[in-house]
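Got a predicted structure here, sequence first:
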Protein chains: 2
Amino acid sequence: MIKLIIAEDENLFIQGLRMIFSKNPEIDIIETANNGRELLDIIVKDKLEPDIILLDLSMPVLDGVDTLLELNKMNLSAKVIILSSHYNDSIIIKLLDEGVSAFLAKNEHPDEVIKAIVEVYKKGFYINDYIMQLIRNRRLLAKKKQLHTELSNRELEILKLICKEYTTKEIAEKLYISPRTVEGHRNRILEKTNAKNTVGIVLYAIQHKILELNVNKYQ
Amino acid sequence: MIKLIIAEDENLFIQGLRMIFSKNPEIDIIETANNGRELLDIIVKDKLEPDIILLDLSMPVLDGVDTLLELNKMNLSAKVIILSSHYNDSIIIKLLDEGVSAFLAKNEHPDEVIKAIVEVYKKGFYINDYIMQLIRNRRLLAKKKQLHTELSNRELEILKLICKEYTTKEIAEKLYISPRTVEGHRNRILEKTNAKNTVGIVLYAIQHKILELNVNKYQ
DNA sequence: TTAAAATCAGGTATTTATACCTATTGCTAA
DNA sequence: TTAGCAATAGGTATAAATACCTGATTTTAA
């Protein structure tokens, strides 16, 4: 028996997984949670020892990434399989670094889901060719990322204040530095982000998730 | 028998719905589609006459709102039930205007889903107290919205150019008007959007989906 | 350990944005 | 049909941002 916990905020989605697993008697859903916080709580409270945790990335309260970081602090033997609608290379790399055993898309074929779970249970991981390639190219990717941008912490701090509609003078007052220094940082940010003006800086911040915004059309 | 079509991009989610409906022999899923385009195509091609269409809002290719607009042009007798994780008042109002019969959240209890479908089949709608209240307050809401924002077409045009990092002078040249006119529009935009400066305008544009950006953390 | 980058800060000048004022024309909804 | 708003545009003034320059420490990475 493979003991499974599902963390996923959409209950109907959980029902879908239940149905898929109901055809496989070797997989036993021992518990489900609607967000990361709930998952962590039930594991601690009920002293659960799942073999595999199916973890959705986008969840309220505590999202997938933050939940994974917490799980890793707990030293469980459970393997984590990530569930998401959308991935990009850098998030996959980050999750691999945190010891994730497999990635599944939400429009995956049910057989693939079963296969991933069984493989992770047996071998400890289930990784397709694309992700294998990613692992190989990761140094290249890291370098590319570094060359491209990478703002310093101070620059990030100032960028965030710019995005809060603070002027240079206000930022200077807030950080107890000269407005000239803030200007210096602004210039470096403009250079590094390849922006023409403040507008470009804001767009950069949003596209790089430095700034968090609610942009859901239906929210 | 209630003939049902599901339009939803996450296959596992569809599985969940299948499981729920498998317990109710009166509901028959005659077809499923992974996006709005697919839905429209199969309805036309197979001359389907569903009683109810379960429509997810966030789908690739053609999303729920646009699909609904297309469906309404086709003069079907089918009732539409919207499925989404997140709603807000104004999108609900908009969808009600387009003749939607019910709203379901993705973390709804399965029984509620069944109940909604049966009620819509019988009565033509299934609307809870909250949405009833919304309908009553809609004039109030409409006024509030109008007072609040609603940029004119010209202002929208200029806002978009601002977000492309154009300066006032550049916008004036592009639109063959005086920079003073552009300034006038800028001021109105600042007022209407409640922005302190250009940064605020950009944030407004993104939050109101005037500007389209890829900002998904996991994409 | 040495070179590079980050952080700090000053000067000068120009461009751009914001804050007020004004006014005309044309459209539209009460 | 008239009040209100959108779109146009001018004046004047200040505030803010951008573009160059300079240099001193400190921190980090090769």
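Received the coordinates, thanks. Numbering: from 1, shown residues only, chains lettered A, B, ... in the order given.

isn't A:E157 right up against A:L175?
Yes - look at A:E157 against A:L175 with Cβ atoms under 8 Å: they come within range, at 7.5 Å. In this view, the C-beta of every residue, glycine as well, is placed from N, C-alpha and C.

And the residue nearest the centre of chain A, its phi and psi?
Geometric centre of chain A, nearest residue: A:V65, 4.0 Å, by Cα atoms, centre = their mean. Main-chain torsions, A:V65, degrees, to the nearest 10: phi -60, psi -50.

Local confidence estimate at it?
Per-residue pLDDT puts A:V65 at 82.

Same check on the one 3 residues further on?
Confidence per residue is given as pLDDT, and for A:L68 that number is 88.

do A:V120 as well
For A:V120, the predicted pLDDT is 91.

wait, doesn't A:E70 sit right on A:G36?
Yes - here A:E70 reaches A:G36: they are 7.2 Å apart, a contact under Cβ under 8 Å.

Give the residues shared as contacts by these two.
A:L62 (Cβ atoms under 8 Å, 6 or more residues apart in numbering or on different chains).

Out of the helices and strands in chain A, which is least certain?
Counting by mean pLDDT, DSSP states H and E, chain A has its least confident helix or strand at helix A:138-148, which shows a mean of 48.

Would you check how far apart A:N187 and A:T181 are?
11 Å (Cβ to Cβ, to the nearest Å).

The strand or helix carrying A:R186 - contacts with which helices or strands?
With secondary structure defined by DSSP states H and E, A:R186 is part of helix A:179-193. If contacts are counted by 3 or more Cβ pairs under 8 Å, 6 or more residues apart in numbering or on different chains; DSSP states H and E, helix A:179-193 sits against helix A:153-162, helix A:168-175, helix A:198-207.

average pLDDT for the first one?
Averaged over helix A:153-162, pLDDT sits at 85.

before we move on, what about stretch A:34-42?
Stretch A:34-42 comes out at a mean pLDDT of 93.

low-scoring stretches of chain A, by residue?
A:88-90, A:134-149, A:209, A:212-219 (pLDDT under 70).

Now do the helices in it.
In chain A, the helices defined using DSSP state H lie at A:11-22, A:36-45, A:64-73, A:89-97, A:110-123, A:129-136, A:138-148, A:153-162, A:168-175, A:179-193, A:198-207.

domain assignment for chain A?
Split into domains by automatic domain parsing, chain A comes to A:2-139, A:150-207.

Between these, which one is closest to B:L4.
Nearest of the domains of chain A to B:L4, taken as Cβ to Cβ: domain A:2-139 at 14.3 Å.

The closest one and chain B in contact?
Yes - using Cβ under 8 Å from any Cβ of the partner chain, we find that domain A:2-139 touches chain B at A:9-20, A:22, A:34, A:57-58, A:84-88, A:91, A:106-110, A:113.

Write out the residues of chain A neighbouring DNA strand C.
Within chain A, the positions lying close to DNA strand C (Cβ under 7 Å from any atom of the strand) are A:150, A:152-155, A:175, A:177-178, A:180-181, A:184-185, A:188, A:197.

Of those residues, which is the most crowded?
A:H185 (23 neighbours; other Cβ atoms under 10 Å in any protein chain shown).

Please list all residues in contact with the closest residue to that residue other than its chain neighbours.
Among residues not flanking A:H185 along the chain, A:I158 sits closest, at 4.7 Å (Cβ to Cβ, 6 or more residues apart in numbering or on different chains). Residues near A:I158 by Cβ under 8 Å, 6+ apart: A:I171, A:L175, A:V182, A:H185, A:R186, A:I189.
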